[in-house]
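Participant: Model the following, please.
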Amino acid sequence: MKRFFKPIEKEGSSKKAALSPSLKDNDDDSESSAPDKKEPLKFVTWNANSLLLRVKNDWPEFTKFVTNLDPDAIAIQVSNAFSALFALPCADTDAFVTFHLDTVLSSLSNSLGFKQPYGSVWITVSQEVRIPAAGSKGASKNQGELKDDTNISREEKQMLMRALSSPPFANYRVWWSLSDSKYAGTALFIKKCFQPKKVFFNLDRIASKHEVDGRVILAEFETFRLLNTYSPNNGWKEEEKSFKRRRKWDKRMLEFVIQSSDKPLIWCGDLNVSHEEIDVSHPDFFSAAKLNGYIPPNKEDCGQPGFTLAERNRFNAILKEGKLIDAYRYLHKEKDMERGFSWSGHPIGKYRGKRMRIDYFIVSESLVGRIVSCEMHGQGIELKGFYGSDHCPVSLELSEASSCPESQKN
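Facilitator: The predicted structure follows:
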């Protein structure tokens with residue numbers, strides 16, 4: 001297999017100019033210098049459930065999807081890449097960290113079988129990259145770079161870099177926030193013709209700091225903030241401390257949206273919660289779900305993780321206090337059993353046909369008048385349009401601010 005891979009350069013990138021996300025770059029291509037586009041208007045979010053696995057098994061189909069949709073930004077979750085921190089200073093902005101594709105690729109190598117897909121002209125937000133961060137065993141990791149200290153990881157990193165340096169993905173800069181192991185992680189692809197003013201990897205907006213497991217990428221543009229998160233799963237049992245972890249996360253998210261009210265927010269990703277009964281295919285099934293007969297002591301914690309009353313109430317408070325709107329539900333008032341869910345259970349067993357909407361675009365009320373569309377791109381229990389993941393991509397399109405000034409008066 002090694003003969004199929006080009007040797008990796010010293011810094012792990014065979015096409016460094018095409019892959020580097022540094023805002024110092026002055027790209028010569030026409031896309032980068034296009035004067036007619038100032039800020040992204042088209043976005044995609046997708047929990048890839050391991051980017052490397054998607055590259056290995058489902059890349060042609062996802063590439064076609066991105067080519068046709070042409071997003072400005074792509075947000076990915078569950079990249080499953082190991083991280084290796086690599087900081088790049090940004091001219092005329094506060095310092096922040098960006099991540100090279102080669103970093104994710106190297107971490108992918110350690111996570112055989114993990115995948116992480118990305119989109120194109122829309123902004124694509126990806127969660128669950130599942131690529132380990134760079135760094136030797138026992139040492140601190142670089143959550144912005146892919147692991148590449150073994151033969152397998154180097155080959156996998158090269159595989160990922162080749163996929164992301166080919167059309168349409170070569171048109172994007174990529175920021176990574178990775179986990180120390182083959183778990184979670186996020187990535188943000190933004191067209192090179194758009195330049196965020198700042199990029200952070202934590203809710204506190206502290207330069208160089210990453211959230212545990214690489215769960216946050218926050219890009220600040222002139223007129224809005226784009227937040228990509230992979231929210232932690234609530235879990236089934238109080239004693240496993242997952243309830244506490246999720247409560248803490250929701251508290252921090254509430255604080256973040258209140259403190260960030262000075263600028264409109266677009267929040268996307270796998271938020272791991274179904275807000276209302278309309279957001280699940282079988283409400284009674286999910287409400288009564290339990291693991292091995294275990295019943296939590298607090299009634300509000302009972303049921304399928306992501307559909308407990310406690311989680312739904314906290315999510316509702318975040319939306320209310322942050323003056324935020326669920327873009328999909330704003331446009332789609334009725335339940336859609338064919339295309340109205342972003343996650344689907346295993347096609348074999350009791351979860352066959354059981355589906356939830358847990359991937360979102362949440363926007364500030366001031367942006368509601370600019371919503372053109374918000375769609376799920378998967379359908380049916382056979383997972384058409386899921387591209388190998390158990391989540392389908394979700395897209396959002398906004399109109400230009402100048403075309404609807406009334407929307408900014410709220």
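Participant: for the nearest residue to His391 once chain neighbours are set aside, which residues make a bridge with it?
Facilitator: Using C-beta to C-beta, 6 or more residues apart in numbering and skipping the chain neighbours, the partner closest in space to His391 is Asn47 (3.8 Å). Bear in mind the C-beta positions are built from the backbone N, C-alpha and C, glycine included. Per DSSP bridges, the residues bridged to Asn47 are Gln127.
Participant: tally of neighbours for Asn47?
Facilitator: For Asn47, the neighbour count with other C-beta atoms under 10 Å is 32.
Participant: wait, it sits on Leu271?
Facilitator: No - using C-beta atoms under 8 Å as the test, Asn47 is too far from Leu271 to be in contact (10.1 Å).
Participant: list residues touching both of the two?
Facilitator: Taking C-beta atoms under 8 Å, 6 or more residues apart in numbering as the criterion, Asn47 and Leu271 both touch Asp359.
Participant: where in the protein is pLDDT low?
Facilitator: Scanning the chain for pLDDT under 70 picks out the ranges 1-37, 79-147, 181-182, 403-410.
Participant: can you give me the helices in it?
Facilitator: 16-19, 30-33, 51-57, 59-69, 101-110, 151-164, 242-259, 283-288, 309-321, 327-331 (DSSP state H).
Participant: Residues contacting the longest one, please?
Facilitator: Counting by C-beta under 8 Å, 6+ apart, the neighbours of helix 242-259 from elsewhere in the structure are 203, 229, 231-238, 265, 267, 272, 296, 301, 305, 310-311, 314-315, 317-318, 321-322, 324.
Participant: Of the residues you listed, select the buried ones using a PyMOL command.
Facilitator: Restricted to buried positions by 16 or more other C-beta atoms under 10 Å, the PyMOL selection for the contacts of helix 242-259 reads:
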select buried, resi 203+229+231+232+234+235+236+265+267+272+296+301+305+310+311+314+315+318+322+324
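Participant: In strands, which of the contacts of helix 242-259 appear?
Facilitator: 229, 265, 267, 324 (DSSP state E).
Participant: export these to a markdown table and tack on distance to His377?
Facilitator: A markdown table is the format used below for those (distance: C-beta to C-beta, whole Å):
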| residue | distance to His377 |
| --- | --- |
| Thr229 | 20 |
| Leu265 | 23 |
| Trp267 | 19 |
| Leu324 | 23 |
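Participant: of these, closest to Lys290?
Facilitator: Nearest to Lys290 among the ones in strands among the contacts of helix 242-259 is Thr229, at 27.2 Å by C-beta to C-beta.
Participant: That closest one reaches Thr186, doesn't it?
Facilitator: Yes - applying C-beta under 8 Å as the test, Thr229 and Thr186 come out as touching, 7.3 Å apart.
Participant: list the residues that contact both of those two?
Facilitator: 77, 127, 215-216, 269.
Participant: Show the buried residues in those residues.
Facilitator: Buried among the shared contacts of Thr229 and Thr186 by 16+ other C-beta under 10 Å: 77, 127, 215-216, 269.
Participant: Would you mind writing the CA trace of stretch 268-285 as CSV?
Facilitator: What follows is stretch 268-285, C-alpha atoms only, in CSV (Å, rounded to 0.1, in the frame of the first residue of the first chain):
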residue,chain,number,x,y,z
CYS,A,268,-24.8,24.4,14.6
GLY,A,269,-23.7,20.8,15.2
ASP,A,270,-24.8,17.7,16.9
LEU,A,271,-26.5,19.2,19.9
ASN,A,272,-27.6,15.7,21.2
VAL,A,273,-31.1,16.8,22.2
SER,A,274,-34.5,16.6,20.6
HIS,A,275,-36.4,19.7,21.7
GLU,A,276,-40.0,18.6,21.3
GLU,A,277,-42.0,15.4,20.7
ILE,A,278,-42.3,16.4,17.1
ASP,A,279,-38.5,16.0,16.9
VAL,A,280,-38.6,12.2,17.4
SER,A,281,-40.3,9.5,15.4
HIS,A,282,-41.7,7.6,18.3
PRO,A,283,-42.1,9.8,21.4
ASP,A,284,-43.5,7.0,23.7
PHE,A,285,-40.6,4.7,22.8
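Participant: I'd like the distance from it to the chain centre, please.
Facilitator: Relative to its chain's centre, stretch 268-285 lies at 18 Å (C-alpha atoms, centre = their mean, to the nearest Å).
Participant: just stretch 209-219 next, same as before
Facilitator: 11 Å.
Participant: Likewise for stretch 343-359?
Facilitator: 20 Å.
Participant: isn't Gly185 right up against Asp213?
Facilitator: Yes - between Gly185 and Asp213 there is a contact under C-beta under 8 Å: 7.0 Å.
Participant: Now the common contact residues for the two.
Facilitator: Common contacts of Gly185 and Asp213 (C-beta under 8 Å, 6+ apart): 179, 230.
Participant: Neighbour count: the two, which is higher?
Facilitator: Gly185 (41 against 20).
Participant: what's the more buried one sitting at in phi/psi?
Facilitator: phi 90, psi 150 (degrees, to the nearest 10).
Participant: Please report how far it lies from Asp326.
Facilitator: 25 Å (C-beta to C-beta, to the nearest Å).
Participant: And Arg173, by the same measure?
Facilitator: Arg173 is 29 Å from Asp326, by C-beta to C-beta.
Participant: Those two - which one has more neighbours?
Facilitator: Arg173 (25 against 19).
Participant: so what's the more buried one bridging to?
Facilitator: Under the criterion used (DSSP bridges), Arg173 bridges to Ile190.
Participant: Quick check: it touching Phe189?
Facilitator: Yes - at 7.3 Å, Arg173 counts as touching Phe189 under the criterion of C-beta under 8 Å.
Participant: ok, Phe224 - contacts?
Facilitator: 39, 263-266, 364, 367.
Participant: would a markdown table of the residues you listed with distance to Thr63 be doable?
Facilitator: Below are those laid out as a markdown table (distance: C-beta to C-beta, whole Å):
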| residue | distance to Thr63 |
| --- | --- |
| Glu39 | 25 |
| Lys263 | 33 |
| Pro264 | 31 |
| Leu265 | 30 |
| Ile266 | 25 |
| Ser364 | 32 |
| Leu367 | 30 |
